[in-house]
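S.K.: sequence unknown, structure follows:
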């Protein structure tokens with residue numbers, strides 16, 4: 001017996017040997033940490049494309065759509081917890097979700113939730129994307145699809161694997177969002193999510209990651225829709241706003257591709273030829289062939305572009321890069337040129353597949369947090385044959401004059417939210433940079449001053465606006481008078497303000513020429529009483545029009561209003577839609593001149609935010625589309641209303657015969673002080689300015705033809 005036992009221990013049976021080897025292998029795998037690789041590397045090494053899931057099959061290669069590498073690398077970038085991809089259609093969204101799922105299921109198993117707008121869409125995604133991917137990828141085929149479930153439909157919406165699972169659900173059910181703790185949240189087509197009775201679906205789902213501490217991830221992907229309504233656009237605005245750049249194949253200048261900046265085509269006898277459209281380098285001016293464009297796409301890198309404040313200065317990385325590049329152009333030929341990219345961004349990861357993080361121009365610190373990494377890209381970054389610049393240009397030309405086609409073009413081709421007014425997007429931080437310092441209370445160039453007043457139940461807000469040649473304007477002052485607007489004390493302060501005299505640095509005095517006060521709201525009677533008693537001072541009560549179907553009426557009525565007497569007082573009905581059109585268009589003017597809006601340097605940024613508190617909403621009635629201005633939810637718009645009313649006051653003066661340009665020419669003449677000019681308080685003149693002077697003698701004034709004349 002002892003001899004037999006000794007032989008068994010020395011020579012185990014083949015079955016026992018196999019068990020021992022499996023046990024050793026399992027122990028070795030259990031103690032071996034997963035490889036430290038990125039998502040695109042995992043996909044290149046392990047993923048295969050199924051024939052039924054797309055137009056191509058075989059081994060996956062991230063370099064085919066190089067712009068997708070950045071969002072995939074952000075998954076393993078230290079510090080990143082939220083990833084937003086706002087991109088055009090058929091570019092990277094679905095592949096990003098699939099590769100993130102495969103990476104975690106294979107190398108870092110954990111509970112995951114994939115949200116679709118509806119449960120039917122979740123089932124379709126499972127059938128058409130997840131199942132073919134698992135079947136075609138050997139590393140996933142052995143892990144997923146073996147779970148035994150009670151209901152057949154659970155195999156579509158629940159995929160289990162050792163150490164975790166993938167649950168698929170519709171975003172419309174709060175129960176789906178709160179059923180289980182998760183570590184990775186994958187959100188697809190987020191602009192189509194409904195708002196549930198318990199709140200925003202993404203916020204509710206992200207609450208389920210709380211138990212995972214600092215080891216959670218939320219991914220949001222979608223093509224954008226309408227500006228100020230798009231959930232993905234709002235998410236991208238909250239991120240570090242990464243944009244992709246490529247190198248010119250001719251001069252190696254790195255640039256951020258933009259359709260309106262880089263794509264040009266021929267025009268013959270006024271006819272557009274979109275088939276000739278090419279990308280032209282902003283530095284050397286060379287046009288790229290399609291082969292050169294594809295080679296340029298292989299050099300795609302992503303850069304943080306969100307404006308930030310560091311070392312006491314507001315800095316905008318994209319503009320800083322542009323300035324640095326132009327300074328490089330000025331270097332003598334043959335001299336060593338500074339690297340404009342290195343001057344604005346520091347790379348992380350590695351130089352070949354770098355993520356460029358914004359740096360402060362003074363201290364060199366990484367000044368923008370990468371907790372929320374946002375990515376944006378349009379069809380110019382697509383390698384597919386049907387997405388050539390010529391095709392994009394043809395679609396742009398075909399969309400002109402058709403709101404539906406324009407919206408589709410902006411969303412699917414540019415990868416940007418559609419702005420219903422078709423105007424230039426206004427960046428809050430960019431507007432705040434236009435603050436100026438001028439001597440005296442009134443800058444040179446101002447001819448007259450009007451005031452717009454917005455009345456709220458607990459306060460009255462006023463803006464004094466100076467107007468010059470061709471309606472160039474200066475915001476002279478903005479005042480908030482606190483108090484119950486139904487009390488006389490508040491209106492006494494308003495009256496005292498409207499009697500003020502403002503002074504230029506050379507002593508020229510300016511009084512308020514006209515005022516418009518909104519009579520709507522809860523204080524109508526009090527405003528009526530105030531305006532009726534001051535008709536001779538051109539203090540006009542006004543009321544916004546009730547324009548039907550977005551009709552634009554003149555800002556000031558074209559017909560002469562009825563006699564404004566105290567016995568028969570009626571407010572002036574102004575065209576607020578037309579006035580807001582003018583104000584928004586003038587905000588987009590970038591340099592001094594006709595219509596430009598000057599602002600003092602100490603104006604609070606919230607004032608600028610209030611100017612942008614409304615957007616043009618596209619509506620339809622009886623088959624006719626029209627646009628109206630609507631206030632954004634949760635936004636205050638008093639500054640916009642005050643500017644509209646100050647502009648309406650100017651329009652009223654013009655209606656009654658004011659010659660603004662002639663008045664501007666008169667005000668531009670040197671002002672001579674009268675011998676007996678009285679010195680003003682020190683706080684009313686600039687410290688460096690000359691002593692203030694009295695008005696010129698009456699003979700110097702132009703003759704008046706009526707009480708409404710200039």
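M.R.: Good, I have the coordinates. What you see is a predicted model, and the numbers here were worked out from it, not measured in a lab.

S.K.: can you pull the contacts of residue 222?
M.R.: Contacts for residue 222 (C-beta atoms under 8 Å, 6 or more residues apart in numbering) come out as 85-86, 93, 188-192, 231-232. C-beta here means a position set from N, CA and C on the backbone, and glycine is covered the same way.

S.K.: could I get these as a markdown table with secondary structure, neighbour count and distance to residue 305?
M.R.: Output for the contacts of residue 222, formatted as a markdown table (DSSP: H, G, I helix; E, B strand; the rest coil; neighbours: other C-beta atoms under 10 Å; distance: C-beta to C-beta, whole Å):
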| residue | secondary structure | neighbour count | distance to residue 305 |
| --- | --- | --- | --- |
| 85 | strand | 30 | 15 |
| 86 | strand | 29 | 13 |
| 93 | helix | 23 | 21 |
| 188 | strand | 24 | 25 |
| 189 | coil | 20 | 25 |
| 190 | helix | 24 | 22 |
| 191 | helix | 21 | 22 |
| 192 | helix | 15 | 27 |
| 231 | helix | 22 | 21 |
| 232 | helix | 26 | 17 |
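
S.K.: Pick out the most distant pair among those residues.
M.R.: Distance extremes for these: the farthest pair is 85 and 192 at 15.4 Å, using C-beta to C-beta.

S.K.: got TSV for the contacts of residue 222, with distance to residue 362 and pLDDT too?
M.R.: Formatted as TSV, the contacts of residue 222 follow (distance: C-beta to C-beta, whole Å; pLDDT from 0 to 100):
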residue	distance to residue 362	pLDDT
85	32	95
86	31	95
93	38	90
188	41	94
189	42	93
190	37	92
191	39	90
192	44	90
231	36	91
232	34	94
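
S.K.: Before we move on, what's the pLDDT of the residue nearest to the spatial centre of the chain?
M.R.: Nearest to the geometric centre of the chain sits residue 237, at 5.2 Å (C-alpha atoms, centre = their mean). On pLDDT, residue 237 comes in at 92.

S.K.: for residue 42, same thing?
M.R.: Residue 42 is assigned a predicted lDDT (pLDDT) of 94.

S.K.: Run through the residues that contact it.
M.R.: Residue 42 touches 99, 102-103, 106-107, counting by C-beta under 8 Å, 6+ apart.

S.K.: Residue 490 versus that one, what's the distance?
M.R.: Note on residue 42: its distance to residue 490, by C-beta to C-beta, to the nearest Å, is 67 Å.

S.K.: Can you show me the strands along the stretch 101-250 of the chain?
M.R.: Remark: strands assigned in the stretch 101-250 of the chain by DSSP state E, counting those that start in this stretch are 111-116, 158-161, 164-170, 184-188, 217-222, 242-247.

S.K.: I'd like the ones you listed as a markdown table, with distance to residue 410 appended.
M.R.: Listed next are these as a markdown table, based on distance: least, C-beta to C-beta, whole Å:
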| stretch | distance to residue 410 |
| --- | --- |
| strand 111-116 | 24 |
| strand 158-161 | 36 |
| strand 164-170 | 28 |
| strand 184-188 | 21 |
| strand 217-222 | 14 |
| strand 242-247 | 16 |
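
S.K.: Out of those strands, flag the one nearest residue 500.
M.R.: Of the strands of the stretch 101-250 of the chain, nearest to residue 500 by C-beta to C-beta is strand 242-247, at 47.3 Å.

S.K.: Within the sheet, what are the partner strands of the closest one, with directions?
M.R.: With DSSP bridges as the test, strand 242-247 is paired with strand 254-255 (antiparallel), strand 301-304 (antiparallel), strand 372-377 (parallel).

S.K.: roughly how far out does that strand sit from the chain middle?
M.R.: On the basis of C-alpha atoms, centre = their mean, to the nearest Å, strand 242-247 sits 18 Å off its chain's mean C-alpha point.

S.K.: Compute the mean per-residue pLDDT across that strand, please.
M.R.: Strand 242-247 comes out at a mean pLDDT of 93.

S.K.: Also stretch 108-125?
M.R.: The pLDDT scores in stretch 108-125 average 92.

S.K.: same deal with stretch 12-27?
M.R.: For stretch 12-27, mean pLDDT rounds to 82.

S.K.: Return the residues in contact with the closest residue in space to residue 116 that isn't next to it in sequence.
M.R.: Sequence neighbours aside, residue 122 is the residue nearest to residue 116 in space, at 4.1 Å (criterion: C-beta to C-beta, 6 or more residues apart in numbering). By C-beta under 8 Å, 6+ apart, the contact set of residue 122 is 114-116, 156-157, 168-170.

S.K.: in the stretch 151-300 of the chain, which spans are helices?
M.R.: All helices of the stretch 151-300 of the chain, identified by DSSP state H, counting those that start in this stretch, fall at 154-157, 174-178, 201-206, 231-238, 259-262, 290-297.

S.K.: now for the contacts of residue 122, which pair is the farthest apart?
M.R.: 115 and 156 (14.9 Å).

S.K.: Of the two, which one has the most company?
M.R.: More crowded of residue 115 and residue 156, by other C-beta atoms under 10 Å: residue 115, with 25 against 18.

S.K.: need the contact list for the more buried one.
M.R.: Listed by C-beta under 8 Å, 6+ apart, the contact set of residue 115 reads 122, 169-171, 177, 185-188, 193, 201-202, 205.

S.K.: Can you lay out those as CSV showing distance to residue 19?
M.R.: What follows is these, written out as CSV (distance: C-beta to C-beta, whole Å):
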residue, distance to residue 19
122, 41
169, 41
170, 45
171, 47
177, 44
185, 40
186, 39
187, 45
188, 44
193, 51
201, 49
202, 48
205, 43
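
S.K.: quick one: which of the residues you listed is nearest residue 12?
M.R.: Looking across the contacts of residue 115 and measuring by C-beta to C-beta, the closest to residue 12 is residue 186, at 47.2 Å.

S.K.: Tell me, how many residues neighbour the closest one?
M.R.: Residue 186 is flanked by 25 other residues according to other C-beta under 10 Å.

S.K.: and the residue lying closest to it once chain neighbours are set aside, how many neighbours?
M.R.: Leaving aside its chain neighbours, residue 186 sits nearest to residue 114 (4.3 Å; criterion: C-beta to C-beta, 6+ apart). Neighbours of residue 114 under the rule other C-beta under 10 Å: 26.

S.K.: and if you look at residue 436?
M.R.: When neighbours are defined as other C-beta under 10 Å, residue 436 has 13 of them.

S.K.: wouldn't it be in contact with residue 600 here?
M.R.: Yes - at 6.4 Å, residue 436 counts as touching residue 600 under the criterion of C-beta atoms under 8 Å.

S.K.: Please, where are all the helices along the stretch 351-500 of the chain?
M.R.: Ranges of helices in the stretch 351-500 of the chain, per DSSP H, counting those that start in this stretch, are 389-399, 403-409, 428-432, 488-498.

S.K.: For the protein, which element, helix or strand, carries the lowest mean pLDDT?
M.R.: Ranked by mean pLDDT, DSSP states H and E, the helix or strand of the chain with the weakest confidence is helix 2-10, at a mean of 50.

S.K.: Show me what secondary structure element comes after that helix.
M.R.: For helix 2-10, the succeeding helix or strand toward the C-terminus, using DSSP states H and E, is helix 14-31.

S.K.: now what about that next one, what contacts it?
M.R.: The contact list for helix 14-31, computed with C-beta under 8 Å, 6+ apart, reads residue 12.

S.K.: Is it correct that residue 522 is in contact with residue 457?
M.R.: Yes - in this structure residue 522 lies within contact range of residue 457 using C-beta under 8 Å: 5.2 Å.

S.K.: Could you check how far residue 321 is from residue 282?
M.R.: 12 Å.
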